[in-house]
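# give me the fold of what follows.
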Amino acid sequence: MDIDSQNYQCHNMLSTKYMTYDGWEIGAPVNDDHEPIIEIVPVPDDEAESSNTNDSEDEDEDTDDNNDNTSTESESNHPPSSDDDDSHSDNDNSNDDDDELISDDSPPDPQLKTRSDDESISDDSVESINETRSKIEANNVIEGNRVRFATKPPNISSFGGKKYNVNMLNIGQDDFAKFEKVKAGLYTTAVGIYFNQMPASKGIKLYRAKAVAAMFKEYKQLEDFNKVLGRINPESLQHDQKRRALRAVNLIKLKHCGKMKGRTCADGSTQRKYVPREEASPPTLSFEALMGILLVNAYEERDTAIFDVPGAYLHAEMPDDKFAILKTEGEFVDIMCEVNPEYKDDVRYEKGKKVLYIQILRALYGMIESALLWYNLYTEVLHKEGFEINAYDRCVANKFITGKQCTIAWYVDNNILSHVETSVVDSVIDTIEGYFPGLVVERGKDLNFLGMEISFLTKGKLWLGLVQYITGMIEELEEALEPY
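Residues are numbered from 1 along each chain as shown. Sure thing, here's the model as predicted:
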């Protein structure tokens, strides 16, 4: 077949119209008026079998195919005969009779060939597969990729987040069980080192009287230290006030020396809903300001002191416009009532559990505004003593004493103080001690501030490092891992 005839047939295929009408098949092609109609006449069984036999025995398949194509083209060029018109009209009349039913008992059409069970579909194909593929253009072939998912054996987790197969580790089941046990112990030890505290309820179950005594001591300090907590009539509280009450968080910390300490703070996470950020975010000492102060101290050879304010937050009183309530539940109500028997009259039951509402009178740890309340109190004391807050870092204050500058910088409750005269440093520490008793002071050339080791060498030179801090952590880890 030449190229022009192929283009003509492609044009006829593209221009074929499809329509649906009663008695017509859906999607049947409708020919144009001037387009010749090609009729396909079924072949009898005997002729079909003989043609298949001849085709299979013929060695030159290309010649037979060309002859078949030529005969087909010649038939398509002849105009339709009158017999064809009659056959078409008969078919139309038979299709119009929709009420006629075909019985299953009617004899089969002798012109229709049925396939037996022993025959396959490939027997009907005349052309070979390779010849058919040769007629398909490569541009019209779409290759499909089948995705296969291989089954994976069970994996075990590692500390680095990766997973390895058990067979890869070459560990037996018994050894693997020991490995899992050691891994769990190491994980518990690591958590205990980094977070060396536990809920007080768990501590009481593990250590019983020792943990109860630690919590009793903590409650006693809150009662005796500037009256942090106060009584309140639970009947006077509204529903919204009870809903906003801060839950008491009780913790037990077991130190490496064996001592146990109780801690009580408020769960201030619920305050984020109604406390603005500007009322809960105090400034902190910047790294650049700290490095500048250390360089000035080394260059001017100042006397430097480090001191901490114990329980700094608890020194700040709650403002009159702020009303905060602490909610204690369960067994901790009994401990609080042992510390202060007056609380027994305020105990109530909610959902079958003991509940005690206490008013917070000072900045309790855990409240989001406690840090800002302490900052405001500390800056008021420094202003009162003649110090001026630095305009570029609000956690640095300066004052000229005996013609020389005295500098104090702080990070929450950790302070660094310097002056060229030792007597001035002693005087300032005594003054601050009057406001906040119990200062923990460190003096000398070798100091420790916020975990950093500071050593003043000669004029204008100092040494700064974290070796001691890191070494201490390693030693604690080695001590904790001795059982393993």
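
# now the strands for the stretch 151-300 of the chain?
Using DSSP state E, counting those that start in this stretch, the strands of the stretch 151-300 of the chain run over residues 155-157, 163-165, 197-199, 229-230, 246-254, 260-266.

# in TSV, list those along with distance to residue 392, mean neighbour count and mean pLDDT.
For glycine as for every other residue, the C-beta is placed from the backbone atoms N, C-alpha and C. As requested, the strands of the stretch 151-300 of the chain are arranged in TSV below (distance: least, C-beta to C-beta, whole Å; neighbours: other C-beta atoms under 10 Å; pLDDT from 0 to 100):
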stretch	distance to residue 392	mean neighbour count	mean pLDDT
strand 155-157	49	13	47
strand 163-165	51	12	50
strand 197-199	37	15	78
strand 229-230	39	16	90
strand 246-254	36	20	87
strand 260-266	33	19	87
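
# mind putting those into JSON lines with distance to residue 479?
Converted to JSON lines, the strands of the stretch 151-300 of the chain look like this (distance: least, C-beta to C-beta, whole Å):
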{"stretch": "strand 155-157", "distance to residue 479": "27"}
{"stretch": "strand 163-165", "distance to residue 479": "30"}
{"stretch": "strand 197-199", "distance to residue 479": "18"}
{"stretch": "strand 229-230", "distance to residue 479": "38"}
{"stretch": "strand 246-254", "distance to residue 479": "14"}
{"stretch": "strand 260-266", "distance to residue 479": "18"}
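
# which residues does the helix or strand hosting residue 307 contact?
If you go by DSSP states H and E, residue 307 is part of strand 303-308. By C-beta atoms under 8 Å, 6 or more residues apart in numbering, the residues outside strand 303-308 that reach it are 297, 413-422, 425, 429, 432, 439-443, 447-449, 454, 456.

# contact partners of stretch 329-349?
Contacts of stretch 329-349 (C-beta under 8 Å, 6+ apart): 200-201, 204, 212, 215-216, 219-220, 223, 231-234, 247-248, 250, 328, 353-358.

# if we use 7 Å, what do you get?
For stretch 329-349, the external contacting residues (C-beta atoms under 7 Å, 6 or more residues apart in numbering) are 212, 215-216, 219-220, 223, 231, 234, 248, 250, 328, 353-357.

# list just the nearest of those to residue 366.
Comparing the contacts of stretch 329-349 against residue 366 with C-beta to C-beta places residue 248 closest, at 8.9 Å.

# which parts of the stretch 351-484 of the chain are strands?
353-360, 388-389, 396-401, 404-411, 414-419, 440-443, 446-449, 452-456, 462-465.

# what lines up beside the fifth one in the sheet?
Yep, that's strand 414-419 we're talking about. According to DSSP bridges, strand 414-419 forms sheet pairs with strand 303-308 (antiparallel), strand 404-411 (antiparallel).

# so which of those strands is nearest residue 293?
Taking C-beta to C-beta, strand 404-411 is the member of the strands paired with strand 414-419 nearest to residue 293, at 5.6 Å.

# what angle do strand 396-401 and the closest one make with each other?
160 degrees (axes from the mean of the first three to the mean of the last three C-alpha atoms, to 10 degrees).

# pull out the buried residues from strand 404-411.
For strand 404-411, burial by neighbour count (16 or more other C-beta atoms under 10 Å) applies to 406-410.

# picking up where we left off before, quick check: which of the strands of the stretch 351-484 of the chain is buried the most?
Highest mean neighbour count among the strands of the stretch 351-484 of the chain (mean count of other C-beta atoms under 10 Å): strand 414-419, with a mean of 22.

# re earlier: wait, which of the strands of the stretch 151-300 of the chain is closest to residue 273?
If you check each of the strands of the stretch 151-300 of the chain against residue 273 by C-beta to C-beta, strand 246-254 wins as the nearest, at 12.3 Å.

# quick one: that closest one to strand 353-360, angle?
100 degrees.

# hey, C-alpha coordinates of the very next helix or strand once past the strand holding residue 307 in CSV?
Where DSSP H and E defines the elements, the next helix or strand beyond strand 303-308 is strand 325-329. Taking Å, rounded to 0.1, in the frame of the first residue of the first chain, the C-alpha atoms of strand 325-329 are listed here in CSV:
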residue,chain,number,x,y,z
ILE,A,325,-5.1,30.5,92.6
LEU,A,326,-3.1,27.3,93.2
LYS,A,327,-5.1,24.1,93.1
THR,A,328,-3.7,21.1,95.1
GLU,A,329,-5.3,17.6,94.7
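
# so where is the protein shaky, pLDDT-wise?
Within the chain, the segments meeting pLDDT under 70 span 1-173, 188-196, 255-257, 480, 483-484.

# how does it divide into domains?
As assigned by automatic domain parsing, the chain contains the domains 165-194, 197-477.

# how about the strands of the stretch 351-484 of the chain in a markdown table, adding distance to residue 183?
Shown next, in a markdown table, are the strands of the stretch 351-484 of the chain (distance: least, C-beta to C-beta, whole Å):
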| stretch | distance to residue 183 |
| --- | --- |
| strand 353-360 | 38 |
| strand 388-389 | 52 |
| strand 396-401 | 48 |
| strand 404-411 | 38 |
| strand 414-419 | 37 |
| strand 440-443 | 40 |
| strand 446-449 | 35 |
| strand 452-456 | 34 |
| strand 462-465 | 34 |
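
# re earlier: Throw the strands paired with strand 414-419 into CSV and include distance to residue 388, thanks.
Listed next are those as CSV, based on distance: least, C-beta to C-beta, whole Å:
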stretch, distance to residue 388
strand 303-308, 20
strand 404-411, 11
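
# for residue 269, find the nearest of these.
strand 404-411 (23.5 Å).

# still on that earlier bit, right, so the domains of the chain: which one is the most enclosed?
Each of those was scored by mean neighbour count; the highest is domain 197-477, a mean of 16, by mean count of other C-beta under 10 Å.

# quote the end-to-end distance of it.
Domain 197-477 has an end-to-end distance of 16 Å (C-alpha to C-alpha, to the nearest Å).

# cool, stretch 384-395 as well?
16 Å.

# just the residues contacting that stretch, thanks.
Taking C-beta under 7 Å, 6+ apart as the rule, stretch 384-395 contacts 283-286, 289, 379, 396-399, 408-411, 431.

# out of these, flag the one nearest to residue 467.
residue 411 (21.0 Å).

# for residue 446, see how far away the nearest residue to residue 218 once chain neighbours are set aside is.
Excluding the flanking residues, the one nearest residue 218 by C-beta to C-beta, 6 or more residues apart in numbering is residue 262, at 3.7 Å. Residue 262 is 33 Å from residue 446, where distance means C-beta to C-beta, to the nearest Å.
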